[in-house]
Each structure stands twice: as C-alpha cells, then as structure tokens.
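**Q** No letters, just coordinates:
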C-alpha cells in the first residue's frame, strides 16, 4: 500500500497533486458543453464534472474552474443562459479533447475542432451533430465555492435527444449502446462495459443479478 497524509498530499508538485486527486475520484462521464455569447458566437468545452441533482424538476450540475482567467462557458452562461450537453463517444474523442485548447473567445470550437452545429426546435444554442446522446438545458444558478474559487453551475434539462436503440422499455438509457466513454483524471479515456443490473436492495433479502452480462 502507498499511503499519503494531508501534509504529503499538499507537498506534492502541482501537476503530481492534480493527477493524483483527479484520478482518485474514478471514472467520470465526459461531455461537450455548448454555449453562445450575446452575439451568438458558439463555444464548446469538454467537461468531466457533470452530476445528477434530481429528476423532478430535472436538474444537473457541473463545475467550472476559477475565473482568474477567461472562462468562456461561464461568461456565456452569465450573458445567455442556455446550453447543450453532448456525450462523447469513441468516434469523436480526439475532436472533443481538442476543445480543451485555449482558443480566442471569438473562435468557435465547433469550427476549429471540426464538429458540426445542429439545432433542435427553438433551443437557441447548437448541439453537436456527431454526438449521439444529448440534451438542452437552461442555466439556473451559479454557486461560488469560497474554498477554492470554483463555480458550481446548476441547470434544468429542457429537451433530450437520443437514438431509439439506447432507450430501454423502462426509459433507462443504456449509454454502452452508443459507445459513450468515461475519463479518468484529465486525459485518460476509458471504454464502458455493461456488467449487469442488481435487484432493489432490501434488508434480509438476497440480491439478484438482472440481465447480467455474459461477456
């Protein structure tokens, strides 16, 4: 076993500490967040911090790093409170990862990273056409984390767009059907495999595997 106490963690070089803590959390979802500024310049940012907040209303959140430098996604949401969330799959990993480069605010990552804008209904922000599972949302609230200057962004889902074959009869979305990927740390991408579903847990009742994968 390798053990770190708080002093040892804090004494690591910045890059080493970042790698350690980011990968410690485990597998995270990876998505492209689409926004536009007030003059409709589109922006894409790769985000691996999305988290579920509730289903009624349908809320989620994600984290944006401190705005000690320009954060186009944060600035855009403050000006124009709409966004799209586009899951990354194996076919677009490199293009999606390239959106993390620091492009000027007047440059669209859609164009620079060879991804295609696509609109659904009256949602005012473009989706990523190449993404398979995606949803539109409205920015609700920004929460400043005083301890480190990060921003928690709270949003409400307003529309969902996905292929028929990923949606089960019980409305469960099987993201493995779309070859969606996970990420460990900042830049290590992982394939996702469906192991199976467990029965509802109750005291004194033995758990059962449902649709357990034989792969």
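**A** Thanks, I have it. All values reported here derive from a predicted model rather than from experimental measurement. Numbering: from 1, shown residues only.

**Q** pLDDT on the top helix by length along the chain, on average?
**A** Assignment by DSSP state H gives helix 14-24 as the longest helix of the chain. The pLDDT scores in helix 14-24 average 92.

**Q** from the chain's centre, how far out does the helix or strand following that helix sit?
**A** Using DSSP states H and E, the helix or strand that follows helix 14-24 in sequence is strand 28-29. Between the centre of strand 28-29 and the centre of its host chain there is 7 Å, according to CA atoms, centre = their mean, to the nearest Å.

**Q** tell me what strand 28-29 is packed against?
**A** strand 181-184 (3 or more CB pairs under 8 Å, 6 or more residues apart in numbering; DSSP states H and E). From N, CA and C alone the C-beta is placed, and that goes for glycine too.

**Q** If we use 6 Å, what do you get?
**A** Applying 3 or more CB pairs under 6 Å, 6 or more residues apart in numbering; DSSP states H and E, one finds that strand 28-29 contacts no other helix or strand.

**Q** Pairing partners for it, with directions?
**A** As defined by DSSP bridges, the strand partners of strand 28-29 come to strand 181-184 (antiparallel).

**Q** Could you give the average pLDDT over the helix or strand that the strand it pairs with is followed by?
**A** Per DSSP H and E, the first helix or strand lying C-terminal to strand 181-184 is strand 188-191. Average pLDDT, strand 188-191: 96.

**Q** Give me the contacts around strand 188-191.
**A** Strand 188-191 is contacted by residues 27, 93, 181, 182, 183, 184 when judged by CB atoms under 6 Å, 6 or more residues apart in numbering.

**Q** What residues of it count as buried?
**A** Buried residues in strand 188-191, counted by 16 or more other CB atoms under 10 Å: none are found.

**Q** next one: stretch 139-151
**A** 139, 150, 151.
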